[in-house]
Structure formats: structure tokens, C-alpha cells
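K.L.:
Below are the sequence and a predicted model for it; my questions follow.
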Amino acid sequence: MQEPIQNILLVEDDLRMAELIQRGLEEQNYSVTLAYDGLSGKKLAYGNHYDLMITDIVLPKMDGLELCKDIRILKPAMPIIMLTALGTTDDKVEGFDAGADDYLVKPFEMRELLARIGALMKRNRLQARGTNILKFADLEMNFHTKLVRRGNKNIHLTPKEFKLLAYLLQNPERVLSRAEIAKNVWDTHFDTGTNYIDVYINYLRKKIDRGFDQRLLHTKSGMGFILMEEE
């Protein structure tokens, strides 16, 4: 059976860049809708179904960060890739905090963008077929409602923190290297020049461990991170 055509919303104000990306995606049988400013992108995203959105950060009328935050409220599961010329750790963290699933720094090769798109869509399909609830110790995550609880406490996570915790819960009591986390949570290769994984581990540790008698998220020096109960 032939795979259904995947619909992508591309929000990019650089006309030449937008046309190049559109052509490259359509050559791979994606259906692409273009928007040239943030507000137009928001209206299209709210009124139509898209399997994935690609957006620049610097946009007229509404920047990509605000666009991403607004869309995350209505469509929390839709994969979002940010394109930008800004590539520092702080820039990436800001993008992930806004709700982006992946972050691609300009200039980039089309084959890399296609690889990121394919990985995100595959992960979404697997999550849709998987169990709705993950548990470890007194920590519980519900994929359907997007709620996370530890004991009697509700824990608010950003979309990227949610994905990181989901991966940890899917691999409990196993040391996960930074490279493995980068590949499976950020769908990218680990960049030794940035420390965004450590930043997000610290964010997560404060939320799921602070105020509880037992720590669950541990660092194994020189190896990575592990979700485990203290002995």
C-alpha cells in the first residue's frame, strides 16, 4: 500500500530560501504549504492539518519562537523544526524551550533537513502506536494527556523536557550517553561544542527530583545519565 502524502507547513520570509526548500521537499513527494510571515503561518497551522512545520526564527509580524509557543498550545504533538542562522547553545535552548523538536543552523544541506524530517515523522508514528503511559518508581507520564506526575505532584514540562523524560522512561536503569540522547531526542549528532543536553538534564532534574526524598535522575561521570532508584 502506498504511503499517504505528508503535509508540511514551511514558514520562511526569504523567498529564494523558501522556494529552494519547497522544491527539495516536493522532489521527495512531500506536499508543502508556504507562509512568508509568522501570523500567516499561525493561521494556516490553526486551520489545517500538517504532519510537520518548518519555521525560521526571524520572521515579519510574529517571530518563529512566538509562533512555535502558540502552536504548541493547540497542537502539542505536531513536530516542529526551526531554521536559523543563530547557533549558540543559548539560541538552541531558547528554540527548544519554545517547543521546537529540532533546530537546524543555516547554511545546511537539503539531505540533512530531509533526514531530520524523516526521523521526527517516524518517531511520531511509533509514539502513536505505543503505550499511552510510562511509569518508573513513583514517576508517571501520560502520552495522551501530556501530564507528568511524581507521587501526588503534577510536574509541568516544556515539550523538549517531555521528550527527554520520555526517552529516559523508555530506557530505565540504563546509562544513556550524550551522543545517544542527542540522536534519539534531538534527532541530531552530538555537538561537543555545545552543552544543551546537560542544560536540559539539569532542568529536568530540578523538576522531577527537587523536593523528593529519593533522586531518580543521576549522572555517571564520563558516561552519561541514568534513571534509577538510589540504593
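P.N.:
Yes, it's here.
K.L.:
And the strands in the protein?
P.N.:
According to DSSP state E, the chain carries its strands in the segments 7-11, 31-35, 52-56, 80-84, 102-105, 133-136, 139-142, 147-150, 153-155, 217-220, 224-227.
K.L.:
which stretches of the chain have low pLDDT?
P.N.:
1-4, 87, 124-131, 187-194, 231 (pLDDT under 70).
K.L.:
hmm, back to that, adding distance to residue 64, write the strands of the chain out as JSON lines.
P.N.:
Using the backbone N, CA and C atoms, a C-beta is placed for each residue, glycine as well. Formatted as JSON lines, the strands of the chain follow (distance: least, CB to CB, whole Å):
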{"stretch": "strand 7-11", "distance to residue 64": "7"}
{"stretch": "strand 31-35", "distance to residue 64": "11"}
{"stretch": "strand 52-56", "distance to residue 64": "4"}
{"stretch": "strand 80-84", "distance to residue 64": "6"}
{"stretch": "strand 102-105", "distance to residue 64": "11"}
{"stretch": "strand 133-136", "distance to residue 64": "30"}
{"stretch": "strand 139-142", "distance to residue 64": "28"}
{"stretch": "strand 147-150", "distance to residue 64": "26"}
{"stretch": "strand 153-155", "distance to residue 64": "27"}
{"stretch": "strand 217-220", "distance to residue 64": "30"}
{"stretch": "strand 224-227", "distance to residue 64": "29"}
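K.L.:
can you tell which of these is closest to residue 185?
P.N.:
strand 102-105 (9.7 Å; CB to CB).
K.L.:
Would you mark the buried spots in the closest one?
P.N.:
Going by neighbour count (16 or more other CB atoms under 10 Å), the buried part of strand 102-105 is 102, 103, 104.
K.L.:
Would you format these as JSON lines with distance to residue 82 included?
P.N.:
Formatted as JSON lines, the buried residues of strand 102-105 follow (distance: CB to CB, whole Å):
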{"residue": "102", "distance to residue 82": "7"}
{"residue": "103", "distance to residue 82": "5"}
{"residue": "104", "distance to residue 82": "7"}
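K.L.:
separation between the residue lying closest to residue 21 once chain neighbours are set aside and residue 112?
P.N.:
Leaving aside its chain neighbours, residue 21 sits nearest to residue 10 (5.9 Å; criterion: CB to CB, 6 or more residues apart in numbering). Residue 10 is 16 Å from residue 112, where distance means CB to CB, to the nearest Å.
K.L.:
so who does residue 9 touch?
P.N.:
Residues in contact with residue 9 (CB atoms under 8 Å, 6 or more residues apart in numbering) are 32, 33, 35, 41, 44, 45, 48, 50, 52, 53, 54.
K.L.:
If we use 6 Å, what do you get?
P.N.:
33, 44, 45, 50, 53 (CB atoms under 6 Å, 6 or more residues apart in numbering).
K.L.:
Return the entry from the residues you listed with the maximum number of neighbours.
P.N.:
Within these, most neighbours by other CB atoms under 10 Å means residue 53, with 27 neighbours.
K.L.:
OK, contacts around residue 200?
P.N.:
Residue 200 touches residue 164, counting by CB under 6 Å, 6+ apart.
K.L.:
Okay then, goodbye and thanks.
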